[in-house]
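pasted the sequence and its predicted model underneath.
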Amino acid sequence: MNSSTDRYEYSTLEVDTEAQERNQKAYAAAAAADQAPEVNQYASQDFNYPEVVGGDTPRKGVDPTLPEAVQTPGTDSEKILSASEPRICGMRKKIFWIVVVGAVVVIAGIVAGVVAGVVTSRDNDSVSDSTGVQDGAQGATDNATALFANTRLATANFTDGLGNENYLVAYQLNNGALYLSAWNSSHKSWVVSPIVDGKTNNLGFDSVRKGTALALDVYAYSNSRRDVHIYWQLPDSGGLATIKALTYNGTKGFSTQSTIPAANWVDSAAGNSYISTAGSSLASYGKQCDLCNQYTYLYWQTSNGIREASYQNASQGWYSNNNVIQVDISPPSENSSMVQAHVAAATTDGHRSMNLFYRSTTSALSQIVNGDGRYVGHTLGRDIGPETTIAAFSTGFNETSTGWPEPLGFQVLTMDPAANDGVQLTYYKGSSWTAASSEVQDLSDCTALGTMVANHARRIYCLVSGDGNATEIVEYAWQGNPDDTSTYSNYNRIGTVVTTVS
């Protein structure tokens, strides 16, 4: 039987101690050789293998335990990290940075979600706050299509071929758009239509000065056909503003009983032709009757006074001589209120006229009469402040015959915030002007916002603060009798003009 000691010397007869000692040394050397690292005999300086530590038998004091095996690449098992690889917070560098990047992404997502939620909530609150409508007016000032609290107003009127009365009111919305509300006495409801809606006729909201002056008139060709003109200002530059104008041609069929499209308004040659001071008022007139002034007129203010432009026919177009109107009284103060009221003649012997009312540089409430091809100036016996709002309409006819049953008269209303005395009346009767001493109490609601206009039908439109502080346009009708001065301050509140944009 062979064993691991078969090669060693031994005797069965007697013990040879020297042989036993030699066998023990040989056995120890063989055992040590079995545990020593293997040396590759093919290694050379060009084909190197790792250096062998302890190339001889293990030395005393050296741990003979071999290093733990490490799997080689290419296996399906997970790689085991060498003890010498750097770590961060106890993790491999690669794993550490993956964790950091993932944390940043998660945090960014949370922040984005919170911000989006806040913005959405804010938008929802804004929408919910701006949806209320009270008595025809939009409910909150942050609604883009609500009536602009500081809008200027313009109004005109006409009687159609069926004898119906038609009233027009132009105004501005919060987003800068211009709109028109129309009333027909047969239809008996307000109809709202766009003029400048920000997307039609290449007119954006930046084509309208915020708080622009407005002028509106109707030119009558006949009882069944009429043009409507509107004027406003482009955004100002250096204290000046270019005047813009559109016309709604009668051939398009102007209606006060249904909405009319913004696309039917066309450019007028008056637009982009004249420049006013930025705070100028605008006033206009269109032919009203056969015994009224026959052309279309536009008035505006410059630093030197009032300018006029007129339109007679298509062949001549618009004309202005670039000079201010010259009269023998003080010129108008710059950037102040200015309105126009026309007077018809009842016979061919009468005198038709257009009448401008304004504040002069001496603070006087003044009048310029444009009649029979000449200008005449008058002061009305009342001083007003620079921020005063003026509204005016005429009564009767300008006739020369004695005892005419409907003599000429004017009602001029003023609101002076500096005086804080409400709406004041200055009137013309007989051949003289009178400044009434009492406030027009029926119009007291108009004083807070200080905007008021009048048309030839003796209708007054002013801004008031309605329910929820929403701005509204309120309509009043004069109840006075031209022959009785005690009735001159009587007005009836008709109701609120609908301005709701559908």
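It's in. Numbers count the residues shown, from 1 in each chain.

residues contacting Ala345?
291-292, 351-352, 397-399 (C-beta atoms under 8 Å, 6 or more residues apart in numbering). In short, each C-beta sits where N, CA and C put it, glycine included.

closest one of those to Val464?
Cys292 (32.2 Å; C-beta to C-beta).

just checking, Ser444 touches Val423?
Yes. Using C-beta atoms under 8 Å, Ser444 is in contact with Val423, at 7.0 Å.

more crowded one of these two?
Legend: neighbour count by other C-beta atoms under 10 Å for Ser444 and Val423, higher for Val423 (24 against 11).

pretty sure the more buried one contacts Gln411?
No. Assessed by C-beta under 8 Å, Val423 is found out of contact with Gln411, at 11.1 Å.

and the closest residue in space to Val376 that isn't next to it in sequence, what does it touch?
Distances taken as C-beta to C-beta, 6 or more residues apart in numbering put Val369 closest to Val376, at 4.6 Å, once the chain neighbours are dropped. Neighbouring residues of Val369 by C-beta under 8 Å, 6+ apart: 353-355, 375-378.

contacting residues for the residue nearest to Ala270 when sequence neighbours are not counted?
Leaving aside its chain neighbours, Ala270 sits nearest to Ala245 (4.2 Å; criterion: C-beta to C-beta, 6+ apart). Ala245 makes contact with 229-232, 267-271, 298 under the criterion C-beta under 8 Å, 6+ apart.

just name the closest of those to Ile98, please.
Nearest to Ile98 among these, with distances taken as C-beta to C-beta, is Trp232, at 63.2 Å.

the closest one reaches Val208, doesn't it?
Yes. With contact defined as C-beta under 8 Å, Trp232 and Val208 form a contacting pair (6.0 Å).

for the record, mean pLDDT for stretch 153-164?
Averaging pLDDT along stretch 153-164 gives 96.

what does it contact?
165-171, 184-186, 214-218, 220, 222-224, 226, 228, 230, 282, 286, 288, 451-457, 459, 461-463, 473.

ok, Phe393 to Pro235 distance?
According to C-beta to C-beta, to the nearest Å, Phe393 and Pro235 sit 31 Å apart.

buried ones in stretch 188-207?
For stretch 188-207, burial by neighbour count (16 or more other C-beta atoms under 10 Å) applies to 190-198, 201, 203, 205, 207.

got the CA coordinates for it in CSV?
Extracted C-alpha coordinates of stretch 188-207, given in CSV (Å, rounded to 0.1, in the frame of the first residue of the first chain):
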residue,chain,number,x,y,z
LYS,A,188,-85.1,98.1,-26.7
SER,A,189,-81.9,96.4,-25.7
TRP,A,190,-78.2,97.3,-25.8
VAL,A,191,-76.1,95.5,-28.5
VAL,A,192,-72.3,95.3,-28.0
SER,A,193,-70.0,95.2,-31.0
PRO,A,194,-66.2,95.4,-31.4
ILE,A,195,-64.4,98.2,-33.1
VAL,A,196,-60.7,97.4,-32.3
ASP,A,197,-60.6,93.8,-30.9
GLY,A,198,-56.8,93.3,-31.1
LYS,A,199,-56.9,90.8,-34.0
THR,A,200,-58.9,92.5,-36.8
ASN,A,201,-57.8,95.0,-39.5
ASN,A,202,-54.1,94.7,-38.4
LEU,A,203,-55.0,96.6,-35.2
GLY,A,204,-53.5,95.2,-32.1
PHE,A,205,-54.1,96.4,-28.6
ASP,A,206,-50.9,98.4,-28.9
SER,A,207,-52.7,100.5,-31.6
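
average pLDDT for that stretch?
97.

which residues are in contact with that stretch?
For stretch 188-207, using C-beta under 8 Å, 6+ apart, the contacting residues are 136, 170, 175-184, 208, 230, 232, 234-235, 244, 246, 255-263, 265-267, 497-502.

tell me which residue lies nearest the centroid of this protein.
Asn175 (3.4 Å; C-alpha atoms, centre = their mean).

show the pLDDT at that one.
For Asn175, the pLDDT comes out at 97.

what of the one 5 residues further on?
We have a pLDDT of 98 for Leu180.

name all residues that make contact with it.
168-170, 192-195, 230 are the contacts of Leu180 under C-beta under 8 Å, 6+ apart.

can you check Asn492 too?
With contact set as C-beta under 8 Å, 6+ apart, Asn492 has these partners: 442, 476-477, 479.

switch the cut-off to 7 Å
476-477, 479 (C-beta atoms under 7 Å, 6 or more residues apart in numbering).

now these: which count as buried?
Members of the contacts of Asn492 classed as buried by 16+ other C-beta under 10 Å are Tyr476.

could you pick out which of the contacts of Asn492 are located in helices?
Among the contacts of Asn492, none falls in helices (DSSP state H).

on that earlier part again, which of the buried residues of stretch 188-207 sits closest to Pro407?
For the buried residues of stretch 188-207, the nearest to Pro407 is Trp190 (34.1 Å; C-beta to C-beta).

who's that closest one bridged to?
Trp183 (DSSP bridges).

could you shift the numbering so residue one becomes 377, and keep it that way?
In the new numbering, first residue 377, that becomes Trp566.

in strands, which of the contacts of Ala621 appear?
Among the contacts of Ala621, the members falling in strands are 605-608, 643, 674 (criterion: DSSP state E).

hmm, which helix or strand of this structure has the shakiest average pLDDT?
strand 509-510 (a mean of 32; mean pLDDT, DSSP states H and E).

doesn't Cys838 make contact with Ala824?
No. Using C-beta atoms under 7 Å, Ala824 is not in contact with Cys838; the gap is 9.6 Å.

counting neighbours, go ahead and name the busier of these two.
More neighbours surround Cys838 than the other of Ala824 and Cys838, with 26 against 13 (other C-beta under 10 Å).

the helix or strand the more buried one falls within pairs with which strands, parallel or anti?
According to DSSP states H and E, Cys838 maps onto strand 835-841. Strand 835-841 has its sheet partners listed here by DSSP bridges as strand 828-830 (antiparallel), strand 847-854 (antiparallel).

ok, the closest residue to Gly615 other than its chain neighbours - contacts?
Nearest non-adjacent residue to Gly615, counting by C-beta to C-beta, 6+ apart: Ala654, 5.3 Å away. For Ala654, the contact set (C-beta under 7 Å, 6+ apart) comprises 612, 615-617.

quick one: the residue nearest to the centre of the chain and Val572, what's the gap?
As judged by C-beta to C-beta, Asn551 and Val572 stand 10 Å apart.

quick revisit: of the contacts of Ala721, buried ones?
In these, the ones that pass as buried (16+ other C-beta under 10 Å) are 667-668, 727-728, 773-775.

pipe those residues into CSV and attach pLDDT per row.
Below are the buried ones among the contacts of Ala721 laid out as CSV (pLDDT from 0 to 100):
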residue, pLDDT
Leu667, 93
Cys668, 95
His727, 89
Arg728, 93
Phe773, 94
Asn774, 89
Glu775, 84
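
now for those residues: which two are most distant?
Every pair of the buried ones among the contacts of Ala721 checked by C-beta to C-beta; the farthest is Cys668 and Glu775, at 13.8 Å.

which residues in the stretch 527-676 of the chain form strands?
530-535, 541-548, 554-560, 566-572, 591-596, 602-609, 616-624, 641-643, 651-653, 658-661, 672-678 (DSSP state E, counting those that start in this stretch).
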